[in-house]
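Peer 1: only geometry, no sequence info:
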């Protein structure tokens, strides 16, 4: 083998060594990259949407709870006031009606004051709780049709400082709440009523 052959052989050997080292480096880099990707795939959350769903639901539940609380406070009827001369002032609620606490035979109720109703009216469960028993069977004509009931006389009704001991009460009409009653003319007719845009004033005669 000549000198030129040996030089060529050495150069070829060096090239093979360099190529082998380069291939080894590439192989190590691929192995490292694949292992790193597999590690990230197992450690990362399954889905950003899934992990963000629960906090988002909790946020909206909190918002709805806050809105409900604010609306409850906003729609809650304002307190009635008793003036120095004994007049009862009932402010108009946000729904346009007049509400005031009182009692029927000592049983506390929330009255919906209705100057267009002829009787004080209560549901059957409220009548039983207040001891409003007996009476004359009758049929009530309502916006939802006819309903059987009874009319009881001699019931004591109190609204703030105003008290009437002999009131006719209709039993059998429900306002959707057994702690609420309708205050009609069988009680209101005993007083002078001044009705304004924002309030109603009841004055003893």
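Peer 2: Nice, thanks for sending it over. In this text, all values refer to a predicted model and were calculated from it rather than measured experimentally.

Peer 1: got the domain boundaries for the protein?
Peer 2: 3-75, 81-204 (automatic domain parsing).

Peer 1: Same list, those domains, but as CSV with mean pLDDT and mean neighbour count please.
Peer 2: All C-beta spots, glycine's among them, are computed from the backbone N, C-alpha and C. Listed next are the domains of the chain as CSV, based on pLDDT from 0 to 100; neighbours: other C-beta atoms under 10 Å:
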stretch, mean pLDDT, mean neighbour count
domain 3-75, 61, 10
domain 81-204, 93, 16
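
Peer 1: I'd like to know how far residue 142 sits from residue 122.
Peer 2: 14 Å (C-beta to C-beta, to the nearest Å).

Peer 1: Centroid-nearest residue for the protein?
Peer 2: Residue closest to the mean C-alpha point of the chain, counted by C-alpha atoms, centre = their mean, is residue 68 at 4.1 Å.

Peer 1: Just to be sure, that one is in a strand?
Peer 2: No: going by DSSP: H, G, I helix; E, B strand; the rest coil, the assignment for residue 68 is helix, not a strand.

Peer 1: Does residue 80 touch residue 88 like I think?
Peer 2: Yes: at 6.0 Å, residue 80 counts as touching residue 88 under the criterion of C-beta atoms under 8 Å.

Peer 1: quick one, what contacts residue 179?
Peer 2: For residue 179, the contact set (C-beta atoms under 8 Å, 6 or more residues apart in numbering) comprises 108-110, 126.

Peer 1: Then residue 153?
Peer 2: 135, 166-169.

Peer 1: Helix or strand: which one has it?
Peer 2: Using DSSP states H and E, residue 153 sits in strand 145-159.

Peer 1: which neighbours does that strand have in its sheet, and in what orientation?
Peer 2: Paired strands of strand 145-159, with direction, are strand 98-104 (antiparallel), strand 136-142 (antiparallel), strand 162-171 (antiparallel) (DSSP bridges).

Peer 1: how about the ones you listed, which one is nearest residue 196?
Peer 2: Among the strands paired with strand 145-159, strand 98-104 comes nearest to residue 196, with 10.7 Å by C-beta to C-beta.

Peer 1: next helix or strand past the closest one?
Peer 2: strand 107-113.

Peer 1: just to revisit the earlier point, ok, so of the contacts of residue 179, who is nearest residue 98?
Peer 2: residue 110 (11.1 Å).

Peer 1: Distance-wise, check the closest one relative to residue 205.
Peer 2: Residue 110 is 25 Å from residue 205, by C-beta to C-beta.

Peer 1: cool, and residue 145?
Peer 2: Counting by C-beta to C-beta - residue 145 and residue 205 are separated by 37 Å.

Peer 1: what is in contact with residue 80 and residue 88 at once?
Peer 2: Jointly contacting residue 80 and residue 88 under the rule C-beta under 8 Å, 6+ apart are 100, 160.
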